[in-house]
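K.L.:
Build the 3D model from these lines:
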Amino acid sequence: QMQLRESGGGLVQAGASLRLSCEASGRTFNIYTIGWFRQAPGKEREFVAAIMWSNRTTYADSVKGRFTTSRDNAKNTAYLQMDSLKPEDTAVYYCAGDRLAGWQARVTADAYDPWGQGTQVTVSS
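P.N.:
Numbering: from 1, shown residues only. Coordinates of the predicted model:
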């Protein structure tokens with residue numbers, strides 16, 4: 001089973017940038033869709049972005065134009081570049097893998113397994 005580990009979270013001011021990394025163990029990373037989700041206190045986990053094995057990307061409307069996801073299959077790593085951060089982006093961010101996606105990335109959390117442990121992103125105003 002592939003395992004995922006996020007890194008790169010932190011505390012930044014509004015307008016700043018952060019880049020999250022999602023490093024995978026195992027030899028099948030390249031066939032997985034990697035999804036990014038976030039969960040703020042008292043809220044449901046929500047879809048942020050996803051990148052398929054084909055490098056096709058999908059974004060939530062709330063982050064479109066500010067966040068960019070990419071992957072480096074040689075390094076078994078996916079990235080989430082977050083620019084122009086807002087206080088409402090504050091959440092625990094998770095990456096997760098989906099091996100069964102069709103022609104378009106799925107955006108529901110129950111489609112994904114495995115999951116990383118999460119990394120905290122806090123944006124102050």
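K.L.:
buried stuff in stretch 37-53?
P.N.:
Using 16 or more other CB atoms under 10 Å as the test for burial, stretch 37-53 gives Phe37, Arg38, Arg45, Phe47, Val48, Ala49, Ala50, Ile51, Met52. For glycine as for every other residue, the C-beta is placed from the backbone atoms N, C-alpha and C.
K.L.:
Turn these into CSV, including pLDDT, secondary structure and distance to Thr108.
P.N.:
Shown next, in CSV, are these (pLDDT from 0 to 100; DSSP: H, G, I helix; E, B strand; the rest coil; distance: CB to CB, whole Å):
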residue, pLDDT, secondary structure, distance to Thr108
Phe37, 98, strand, 10
Arg38, 98, strand, 14
Arg45, 97, coil, 10
Phe47, 98, strand, 7
Val48, 98, strand, 13
Ala49, 98, strand, 14
Ala50, 98, strand, 11
Ile51, 97, strand, 16
Met52, 96, coil, 15
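K.L.:
ok, and the closest non-adjacent residue to Ala50?
P.N.:
Ala105 (3.6 Å; CB to CB, 6 or more residues apart in numbering).
K.L.:
Repeat that for Ala111.
P.N.:
Of all residues not flanking Ala111 in the chain, Asp98 sits nearest, at 5.3 Å (CB to CB, 6+ apart).
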